[in-house]
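Visitor: how would this look folded up:
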Amino acid sequence: MSWKRLRRLLEPYGPEAALPLMDPQDPRLGHLLTPMDADPANVPTCVLVGVPQHIGIERNGGRPGAAQAPAAIRSWLYRMATADVQTALQESRLRVVDAGNLRPDGLTLQQIHDEAHDVAHEILDLGMIPIVLGGGHDTAWPTIRAFETVGTPYGVINIDAHADVRPLKDGVSAHSGSPFRQMLDAENSVLCAGCFVEFGLQPIAVSRDHRSLITDAGHHVMMLDAIRRQGADAAWEQALRLTSAAQRLYVSLDMDAFASAFAPGVSAPSADGFAPWEIGPALRRAAHDHRFTAFDVVEVSPPWDVDGRTAKLAASMIMQVLAGIADRG
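Guide: Got it, this is the predicted structure:
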């Protein structure tokens, strides 16, 4: 596949993405994007892809609304100031391309996942970094499948209140609570031994058996209360060390990992959870590592949001990722 194939799979994000430049000394991210038809360049290139659907969330009993998330996140992301990334973008040491959205209308969840896999695989195969805007957390599974298709040993850090290792519905149907169960059950997987870390799980949001499923498979669970005792920075460094054998690293951010005071507009809100100042620096630190090759932000549900708080927080977390990649130099 190629950029041409991606254009056929994706619907461009509309003209509302364009922003007037009010002050040349204050460009916003929307002013500094690279178009899809730009000549290839041997620099880190992040590719935004929206997956506007919540079928998997509904199957898992969550609050619907995440189909609106890619547009809501972009509405804030494009308006973000660019102090930490402006130089890298203007000097073409970093590129950000918005490739648009999958077209989910009329498709089953399996068909959406198949197309999302094709898109993620193509982006990875081009040596670029997919940044997926969910949608439900089931969108993690197509990204994982893309890593499996590429065949390079990979690791995963899931920042989440929930483990998302539930079995498939009726043994066949994926949902927002199943992506990492599908990963653990995959045959002939190239997931690196011990390189899956669940970061921030809450005792009231994960069962004993699901937690044991992960640890019995040789992977790692870092509970929220243990992270607090250790300190978020030190705990994150530990998570990165645990995945250090992997040649590629995928970080997945479920917005319900944040306390609902910071992220009320999610599919399954948590009264307790992380604060933005704990996760933002962690994402920037991870993205600075050249092994960091995929990221997603999922489960934003705009109909339940307050003043766009959750979508704006999601956008700010993407900016932390971009800043980390810009820091690579």
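Visitor: quick one: contacts for the spatially most central residue of the chain?
Guide: Residue closest to the mean C-alpha point of the chain, counted by CA atoms, centre = their mean, is Asp296 at 0.8 Å. Neighbour list for Asp296: 130-134, 139-140, 143, 252-253 [criterion: CB atoms under 8 Å, 6 or more residues apart in numbering]. Glycine gets a C-beta too; all of them are placed from N, C-alpha and C.
Visitor: Neighbouring strands - and their directions - for the host helix or strand of it?
Guide: Here Asp296, judged by DSSP states H and E, is contained in strand 292-298. In the sheet, strand 292-298 lines up against strand 129-134 (parallel), strand 248-254 (parallel) (DSSP bridges).
Visitor: want to throw those into CSV with mean pLDDT, distance to Ile325 and mean neighbour count?
Guide: What follows is those, written out as CSV (pLDDT from 0 to 100; distance: least, CB to CB, whole Å; neighbours: other CB atoms under 10 Å):
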stretch, mean pLDDT, distance to Ile325, mean neighbour count
strand 129-134, 97, 7, 26
strand 248-254, 98, 12, 26
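Visitor: closest to Gly177 out of those strands?
Guide: strand 248-254 (10.6 Å; CB to CB).
Visitor: Can you give the contact residues for that closest one?
Guide: Strand 248-254 has contacts (CB under 8 Å, 6+ apart) with 137, 140, 143-144, 147, 150, 152-162, 164, 243, 266, 279, 283, 286-287, 289, 291-299, 314, 317.
Visitor: From these, which land in strands?
Guide: 154-159, 292-298 (DSSP state E).
Visitor: Just put these in CSV and tack on distance to Arg5 and pLDDT.
Guide: Output for these, formatted as CSV (distance: CB to CB, whole Å; pLDDT from 0 to 100):
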residue, distance to Arg5, pLDDT
Tyr154, 23, 98
Gly155, 28, 98
Val156, 26, 98
Ile157, 29, 99
Asn158, 29, 98
Ile159, 31, 98
Phe292, 25, 98
Thr293, 20, 98
Ala294, 19, 98
Phe295, 22, 98
Asp296, 21, 98
Val297, 25, 98
Val298, 24, 98
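Visitor: of the residues you listed, closest to Gly200?
Guide: Ile159 (5.6 Å).
Visitor: What's opposite that closest one in the beta bridge?
Guide: Beta-bridge partners of Ile159, as defined by DSSP bridges: Phe199, Leu253.
Visitor: OK, contacts around it?
Guide: Contacts of Ile159 (CB under 8 Å, 6+ apart): 199-200, 251-254, 257, 274, 279, 282.
Visitor: change it to 7 Å
Guide: Contact analysis of Ile159 by CB atoms under 7 Å, 6 or more residues apart in numbering lists 199-200, 252-254, 257, 279.
Visitor: Also Gly56?
Guide: Gly56 touches 109, 136, 138, 174-176, counting by CB under 7 Å, 6+ apart.
Visitor: Which positions in the strand holding Asp296 come out as buried?
Guide: 292-298 (16 or more other CB atoms under 10 Å).
Visitor: what is the orientation angle of that strand with strand 154-159?
Guide: Calculated by axes from the mean of the first three to the mean of the last three CA atoms, to 10 degrees, strand 292-298 forms an angle of 30 degrees with strand 154-159.
Visitor: Mind exporting the C-alpha coordinates of strand 292-298 to CSV?
Guide: Only the C-alpha atoms of strand 292-298 are listed here, as CSV (Å, rounded to 0.1, in the frame of the first residue of the first chain):
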residue,chain,number,x,y,z
PHE,A,292,8.0,4.6,20.5
THR,A,293,6.2,3.9,17.2
ALA,A,294,2.4,4.1,17.9
PHE,A,295,0.0,5.9,20.2
ASP,A,296,-3.7,6.2,20.7
VAL,A,297,-6.1,8.1,22.8
VAL,A,298,-9.5,6.4,23.3
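Visitor: Any chance of a markdown table for the strands paired with strand 292-298, columns distance to Ser189?
Guide: Shown next, in a markdown table, are those (distance: least, CB to CB, whole Å):
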| stretch | distance to Ser189 |
| --- | --- |
| strand 129-134 | 19 |
| strand 248-254 | 13 |
